[in-house]
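J.: What follows is a predicted structure for the sequence shown.
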Protein chains: 2
Amino acid sequence: MKVHQLALGGLKDQQEPPSLTLACKSFISGANHNVQVGTRWNPTEDQITILEALYKGGMHTPNATEIERITIDLSKYGRIEGKNVFYWFQNHKARERQRQKRNLNFVDACLRLNGEATMAKVAK
Amino acid sequence: MKVHQLALGGLKDQQEPPSLTLACKSFISGANHNVQVGTRWNPTEDQITILEALYKGGMHTPNATEIERITIDLSKYGRIEGKNVFYWFQNHKARERQRQKRNLNFVDACLRLNGEATMAKVAK
DNA sequence: GCAAATTAATGATTTATTCAAG
DNA sequence: CTTGAATAAATCATTAATTTGC
């Protein structure tokens, strides 16, 4: 059983989407970015900016102390927990790898398509 | 323009087939960045798949006979030499070990930080 | 211009590995 | 040989973008 299902276990119509109108959603997000419309963390722009800066600065797998520090710092910009930071780095690293792999596959396909002659030309 | 930018722009998200020839020409005539065709071994996807399958199958340090056999088999998928196979296994094993040591106690520390059921599941 | 429908991104979980205790 | 520690890969689920019909 999923955790969020556990948490919402008592509610009858949990499977039905809230079906808020866009106007309502934009009103809520415009009025207060921290209103909890759903259950999952939704990072603010500032939080993402800082997280990406940290990642690009070389922090790919922060340790517990670093996660704690980041969480405290980013709390200034919106609701956030340590596990969110943990998951963010996990996902970001994994998806960076995915993108890299896709690009390598792409280059590989190009080289195969063009064949040995072109490869030799590239190699000079 | 960089190849990976071409790839991302054309592929969008690995779904639709990009204009391969155009991108390839752009790649070959333009920015040749770090793909060293002809100098160092560039394993193909098929070669990596097979090598990883062998590793996962329990072959962590193949002997000379096994290396010879693997080299011959993998030659079907691209240029490869025995030393490439030897180095691949050596590096693969070493890097797995490195990763293990570098992230020692990581999730455990996160658990102590958060103390939540979801994190316990992550650590499981 | 607006929401319903659909698609793309991404947060959260689960699964399958790795090395090396015991 | 088995198992503990700790993921990273694969997958699931939900949110945001966007497309579409009106």
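T.: That came through fine.
J.: got a list of what A:Ile70 touches?
T.: A:Ile50, A:Leu51, A:Leu54, A:Pro62, A:Val85 (Cβ atoms under 8 Å, 6 or more residues apart in numbering or on different chains). C-betas here are computed from N, CA, C, even on glycine.
J.: Of the residues you listed, which belong to helices?
T.: Of these, the ones assigned to helices by DSSP state H are A:Ile50, A:Leu51, A:Leu54, A:Val85.
J.: I'd like these laid out as JSON lines, including distance to DNA strand D, neighbour count and pLDDT.
T.: Shown next, in JSON lines, are these (distance: Cβ to the nearest atom of the strand, whole Å; neighbours: other Cβ atoms under 10 Å in any protein chain shown; pLDDT from 0 to 100):
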{"residue": "A:Ile50", "distance to DNA strand D": "17", "neighbour count": "17", "pLDDT": "96"}
{"residue": "A:Leu51", "distance to DNA strand D": "15", "neighbour count": "20", "pLDDT": "96"}
{"residue": "A:Leu54", "distance to DNA strand D": "16", "neighbour count": "20", "pLDDT": "95"}
{"residue": "A:Val85", "distance to DNA strand D": "13", "neighbour count": "27", "pLDDT": "93"}
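J.: could I get those residues as JSON lines with distance to B:Arg79?
T.: JSON lines is the format used below for those (distance: Cβ to Cβ, whole Å):
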{"residue": "A:Ile50", "distance to B:Arg79": "45"}
{"residue": "A:Leu51", "distance to B:Arg79": "41"}
{"residue": "A:Leu54", "distance to B:Arg79": "40"}
{"residue": "A:Val85", "distance to B:Arg79": "44"}
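J.: From the residues you listed, pick the one nearest chain B.
T.: A:Val85 (9.2 Å; Cβ to the nearest Cβ).
J.: The closest one touches A:Leu74, doesn't it?
T.: Yes - contact criterion Cβ atoms under 8 Å: A:Val85 and A:Leu74 qualify, at 7.2 Å.
J.: Name the residues contacting each of the two.
T.: Common contacts of A:Val85 and A:Leu74, defined by Cβ under 8 Å, 6+ apart, comprise A:Leu51.
J.: Report how many residues lie close to whatever residue of chain A ends up closest to chain B.
T.: Scanning chain A for the residue nearest chain B gives A:Ala64, at 3.0 Å (criterion: Cβ to the nearest Cβ). Neighbourhood size, A:Ala64 [other Cβ atoms under 10 Å in any protein chain shown]: 19.
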